[in-house]
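> All I have is the shape, not the residue letters:
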């Protein structure tokens, strides 16, 4: 774990002091789960469930905020079992899928989701032609229900294919009133108007925390990082954690703490749980 500055270290210490009233927000892929070539095999880190349960004893709530469909994240993360464990100790686990379009929590136990955007079906019909035109017919297309994701990771030259596809898919998405979400060798097309920053605001409005940590690894997490700025200015203790990789560096310059992938994220959460426990006992 590496603090980006002395200020980052101070922000961590402030979060520890307020841990019992803090929300911990976590991305899924690249943060709780290692990045893999086949998205359907992106299972949560084997140590994550135990760490989340341990951490939940010391914080107000935990929220997983992901671009994945909620059902996928629940299954690949074993998060319903984690939710059971948290509920037994009177704690909440929130899951927001597809950047907040889908919602699930340990109290309601069912996924709330809207209908797909009107232009999405039209976009998907045009997609094979667009892939061929960009010399990327071999790209893997993932139907996410409320979105479609085009992955170049399996291709011979993934970065070059990504660069060819991004402007082509962006133009077609805009014609159909859709939003493009660039990521690590993946381009996602979805309904506009929903992003992770709005989820952070929703959690703050509902739970009224005095601390908020968010950990992410990709461009889709940028909105969540930015949503912490006004919270910090209003007196909420915030901490931005970047799960670093060689593929994406955008979050590095904004992060208070930089860790090496999911292993580093879990190490940080273990340390936070331990430090928060010590602080709680000391003030008992």
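Structure's in. What do you need? Predicted model, so just to flag it, every value in this text is computed and none were measured. Residues are numbered from 1 along each chain as shown.
> What distance separates the opening and closing residues of stretch 150-162?
Its start and end residues considered, stretch 150-162 measures 9 Å (C-alpha to C-alpha, to the nearest Å).
> Any stretches of the stretch 101-250 of the chain with poor pLDDT?
Counting by pLDDT under 70, the stretch 101-250 of the chain contains low-confidence residues at 247-248.
> what ranges do the strands span in it?
102-105, 140-143, 147-151, 179-182, 186-190, 211-216, 237-243 (DSSP state E, counting those that start in this stretch).
> For the third one, which strands pair with it and how are they oriented?
Based on DSSP bridges, the strands next to strand 147-151 in the sheet, each with its direction, are strand 140-143 (antiparallel), strand 186-190 (antiparallel).
> what's the spacing between the first one and its chain's center?
Taking the mean C-alpha point of strand 140-143 and that of its whole chain, the gap between them comes to 19 Å (C-alpha atoms, centre = their mean, to the nearest Å).
> tell me which residues of it are tucked away?
residue 142 (16 or more other C-beta atoms under 10 Å). Bear in mind the C-beta positions are built from the backbone N, C-alpha and C, glycine included.
> okay, the strands of the stretch 101-250 of the chain in CSV with distance to residue 260 next?
Converted to CSV, those look like this (distance: least, C-beta to C-beta, whole Å):
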stretch, distance to residue 260
strand 102-105, 29
strand 140-143, 26
strand 147-151, 23
strand 179-182, 23
strand 186-190, 21
strand 211-216, 13
strand 237-243, 8
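> Which among those is found nearest to residue 196?
Nearest to residue 196 among these is strand 211-216 (7.6 Å), distances taken as C-beta to C-beta.
> any idea of the mean pLDDT in whichever helix in the chain runs longest?
Counting by DSSP state H, the longest helix found in the chain is helix 261-282. Helix 261-282 comes out with an average pLDDT of 95.
> so what does it touch, helix or strand wise?
Helix 261-282 sits against helix 6-17, strand 22-26, helix 48-56, strand 211-216, strand 237-243, strand 257-259, with contacts defined as 3 or more C-beta pairs under 8 Å, 6 or more residues apart in numbering; DSSP states H and E.
> okay, those in a markdown table with distance to residue 99 and mean neighbour count next?
Output for the helices and strands packed on helix 261-282, formatted as a markdown table (distance: least, C-beta to C-beta, whole Å; neighbours: other C-beta atoms under 10 Å):
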| stretch | distance to residue 99 | mean neighbour count |
| --- | --- | --- |
| helix 6-17 | 24 | 17 |
| strand 22-26 | 13 | 25 |
| helix 48-56 | 21 | 20 |
| strand 211-216 | 12 | 27 |
| strand 237-243 | 17 | 26 |
| strand 257-259 | 23 | 21 |
